[in-house]
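Visitor: turn this into a structure:
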Amino acid sequence: MTIAAETERGGETTIGRDAVERWEAIVVGAGLAGMYALHRLRQLGFKVRVYEAGHGVGGTWYWNRYPGARFDSESWTYGFSFSDELLREWDWKEHFSGQPENLRYCNFIADKFDLNRDITFGARVKSASWDEAANEWEVVFEDGRRARARFLITAIGPLSAPTMPAIEGVGDFQGEAWHTGLWPHHPVSFAGKRVAVIGTGASGVQAITEIAKTVGHLTVFQRTPNWCAPLRNSAIDAEAMAGIRARYDEIFARCRETWGCFVHAADPRNAVEVSAEEREALYEKLYNQPGFAFWQGNFRDSLMDKAANDPMTAFVIRKIRGRVKDQKVADKLIPANHGFGTRRVPLESGYYEVYNQPNVDLVDLRETPIECLTATGIKTSGADCAFDMIVFATGFDAITGSFDRIDIRGRDGQRLKDKWADGPHTYLGLNIAGFPNMLTLVGPHNAATFCNLPRCIEQNVEWVSDLLGYMREKGLTRLEATASAEEIWTAHVHETAARLLLMQVDSWMTGVNKNVAGRQKRTFMAYAGGAPKYRQKCDEVAALGYEGFALR
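Guide: Numbers count the residues shown, from 1 in each chain. Predicted structure coming up:
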């Protein structure tokens, strides 16, 4: 079995094998965060280089090419807002745009701002170590190449370290095998084939829905069912796009004031304080709206109070039962160990109806666990099943996993993975005590994990670049969070999360991944206070001369 990542190459820049490239700032990753960091730092006059493992820009949209991959943010809220020209020139074709168009958008940005000239592709980072004497970072790539810079900026993404399932014989299968996060660049046909999908998270839900349209026979292996809500996507014609463009100021102002930077804001009422009829009316209204309306636009206590969450969950159960014909199958699709919205909610377009097809089977791994993979398929406790293709929709080692895969060593050789052994410790989610001059965009303890990402990316990048600009203006060359500032921020992160029901649930948001050793203990990975409060805190720190940082 071969899990392929990419088969197309292009635009690759090489580094001399024996030379050490030197920059003022190194950015790791050419997704949207890395692209904007490059653009912003160049504007400030920094000599900066981006290093990217892939062979093109786009990050998530470069790697995740699986069928059905698309936004769960409204497209017109997702795009960058920093350039009026960009907003005028790009037309979105769908309210929730798909991967091919999203990747075209990323390349459009790269071309418009001439970013590729300062990006080295095909450069996967193996290690990064702080050189105290030189006051700079040395980055070593997997092929032995090296680069050095005063500042190291990670833009490696919260969901960019794909994981395979912890199943015996996972490499034994001799048929086609693909991981959704490492999808090949060539078309994959499902027609007439016996296909297995392992996993029913967000990528699994999207892929299963698309695969079912053309597959010969599909078997879905589900360990933990997820609550899903309808996406309700539709096309955007020229007239609608003109209306969106005229409202961009209003749209982005709305995103700045909401908890997750989506256009959806919680209803100010408490579910426990209104009548059952009022609750049902709001549930029905939101369920029929696009995107995260039902999740993020519901009663404000829905994700904090079980008494408020229970009626919302019961409503969704009724919807699932109304869409799935076989109630025994519906039973398997309904989560029993957590309420609606206490994990990030996958959005779907006909997912539940897939299980009404005669050529689709659902295997509940809690009842019939997988024993091993074989050369011809999957052996469960109940049967030996033959397949032509296996799709691993088993997700990522979220948030900290992309850091763990790089040997990052700070002051006195301290390894970041060791420091974070019991969960991440950060200051503002942007720097780590003991790791001078390292800035972590969209990292742990950052509001971006729950965010409509480009909205939080812009805030992260602008704050970090302003910090580096401030240091240059003041003749400073070193920054590091103080241990006390880190301790206070980390405690605040955990206190903020404690009031949410999601802290009672195992998920990637609480640091649990059964496919990764050492990821069985809950620890909060994000900042749950919301993007507006996070932005306010960052602005306060900056206004006080970057309080909490030792600058020199």
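Visitor: going by C-alpha atoms from here, please, whenever you check contacts or count neighbours.
Guide: Will do.
Visitor: distance of residue 372 from residue 44?
Guide: Residue 372 sits 54 Å away from residue 44, going by C-alpha to C-alpha, to the nearest Å.
Visitor: again but with residue 169, I slipped
Guide: In this view, residue 169 and residue 44 are 52 Å apart by C-alpha to C-alpha.
Visitor: just the helices in the stretch 1-150 of the chain please.
Guide: For the stretch 1-150 of the chain, the helices defined by DSSP state H, counting those that start in this stretch cover 32-43, 60-63, 75-78, 84-89, 99-112.
Visitor: and the last one, C-alpha only, in PDB?
Guide: Provided in PDB are the C-alpha atoms of helix 99-112 (Å, rounded to 0.1, in the frame of the first residue of the first chain):
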ATOM      1  CA  GLN A  99     -11.100  23.100  -3.100                       C
ATOM      2  CA  PRO A 100     -10.200  23.600  -6.800                       C
ATOM      3  CA  GLU A 101     -11.500  27.200  -6.800                       C
ATOM      4  CA  ASN A 102     -10.000  27.800  -3.400                       C
ATOM      5  CA  LEU A 103      -6.600  26.700  -4.600                       C
ATOM      6  CA  ARG A 104      -7.000  29.000  -7.700                       C
ATOM      7  CA  TYR A 105      -7.700  31.800  -5.200                       C
ATOM      8  CA  CYS A 106      -4.500  31.100  -3.400                       C
ATOM      9  CA  ASN A 107      -2.500  31.100  -6.600                       C
ATOM     10  CA  PHE A 108      -4.300  34.300  -7.700                       C
ATOM     11  CA  ILE A 109      -3.000  36.000  -4.500                       C
ATOM     12  CA  ALA A 110       0.500  34.700  -5.000                       C
ATOM     13  CA  ASP A 111       0.600  36.000  -8.600                       C
ATOM     14  CA  LYS A 112      -1.000  39.300  -7.800                       C
END
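Visitor: pLDDT averaged over it - what is it?
Guide: If you average the pLDDT over helix 99-112, you get 98.
Visitor: going forward, count from 388.
Guide: With 388 as the first residue, the last one maps to helix 486-499.
Visitor: tell me the helices and strands packed up against it.
Guide: Counting by 3 or more C-alpha pairs under 8 Å, 6 or more residues apart in numbering; DSSP states H and E, the packing neighbours recorded for helix 486-499 are helix 447-450.
Visitor: starting at the chain centroid, how far to the helix it packs on?
Guide: Counting by C-alpha atoms, centre = their mean, to the nearest Å, helix 447-450 is centred 11 Å from the centre of its parent chain.
Visitor: look up how far residue 439 lies from residue 695.
Guide: Using C-alpha to C-alpha, residue 695 is found at 45 Å from residue 439.
Visitor: I meant residue 737, not that one.
Guide: With C-alpha to C-alpha as the criterion, residue 737 and residue 439 are 36 Å apart.
Visitor: neighbour count: those two, which is higher?
Guide: residue 439 (26 against 18; other C-alpha atoms under 10 Å).
Visitor: and the gap between the more buried one and residue 513?
Guide: When C-alpha to C-alpha is the yardstick, residue 439 and residue 513 sit 12 Å from each other.
Visitor: and for residue 452?
Guide: 25 Å.
Visitor: again with residue 546
Guide: From residue 546 over to residue 513 the distance is 18 Å, taken as C-alpha to C-alpha.
Visitor: same question for residue 413.
Guide: According to C-alpha to C-alpha, residue 413 and residue 513 sit 14 Å apart.
Visitor: who has more neighbours out of the two?
Guide: More crowded of residue 413 and residue 513, by other C-alpha under 10 Å: residue 413, with 26 against 17.
Visitor: wait, that one sits on residue 438?
Guide: Yes. Under the criterion of C-alpha atoms under 8 Å, residue 413 makes contact with residue 438 at 7.5 Å.
Visitor: if we ignore the residues flanking it in sequence, what's nearest the residue most central in space within the chain?
Guide: In the chain, the centroid-proximal residue (C-alpha atoms, centre = their mean) is residue 546; its distance is 4.2 Å. Counting by C-alpha to C-alpha, 6 or more residues apart in numbering, residue 785 is the residue found nearest to residue 546 once chain neighbours are left out, at 5.2 Å.
Visitor: tell me the contacts of the one you found?
Guide: Going by C-alpha atoms under 8 Å, 6 or more residues apart in numbering, residue 785 touches 545-548, 895-896, 898.
Visitor: recalculate using a threshold of 6 Å.
Guide: The contact partners of residue 785, taken as C-alpha atoms under 6 Å, 6 or more residues apart in numbering, are 545-546, 895.
Visitor: which ones among the residues you listed lie within strands?
Guide: Using DSSP state E, no member of these sits in strands.
Visitor: in a markdown table, list the residues you listed along with distance to residue 468 and pLDDT.
Guide: Below are the contacts of residue 785 laid out as a markdown table (distance: C-alpha to C-alpha, whole Å; pLDDT from 0 to 100):
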| residue | distance to residue 468 | pLDDT |
| --- | --- | --- |
| 545 | 21 | 91 |
| 546 | 23 | 90 |
| 895 | 29 | 76 |
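Visitor: out of those, who's nearest residue 835?
Guide: Using C-alpha to C-alpha, residue 545 is the member of the contacts of residue 785 that lies nearest residue 835, at 8.9 Å.
Visitor: pretty sure that closest one is touching residue 784, no?
Guide: No. Using C-alpha atoms under 6 Å, residue 545 is not in contact with residue 784, being 8.6 Å away.
Visitor: and residue 424, what does it touch?
Guide: Residue 424 is in contact with residue 848, counting by C-alpha under 6 Å, 6+ apart.
Visitor: can we see that at 8 Å?
Guide: Taking C-alpha under 8 Å, 6+ apart, we find residue 424 in contact with 414, 848-849, 852.
Visitor: just give me the closest of those residues to residue 678.
Guide: Closest to residue 678, out of all of the contacts of residue 424 and judged by C-alpha to C-alpha, is residue 848, at 26.2 Å.
Visitor: which strand or helix spans that closest one?
Guide: Using DSSP states H and E, residue 848 falls within helix 840-861.
Visitor: next secondary structure after that helix?
Guide: strand 866-868.
Visitor: which strands and helices sit next to that next one?
Guide: For strand 866-868, the packing partners by 3+ C-alpha pairs under 8 Å, 6+ apart come out as strand 936-938.
Visitor: for the closest residue to residue 765 other than its chain neighbours, the count of nearby residues, please.
Guide: Leaving out its chain neighbours, the residue that sits closest to residue 765 by C-alpha to C-alpha, 6+ apart is residue 772, at 5.3 Å. By other C-alpha under 10 Å, 15 other residues sit near residue 772.
Visitor: quick check, residue 772 in contact with residue 766.
Guide: Yes. The pair residue 772 and residue 766 qualifies as a contact (C-alpha under 8 Å) at a distance of 6.0 Å.
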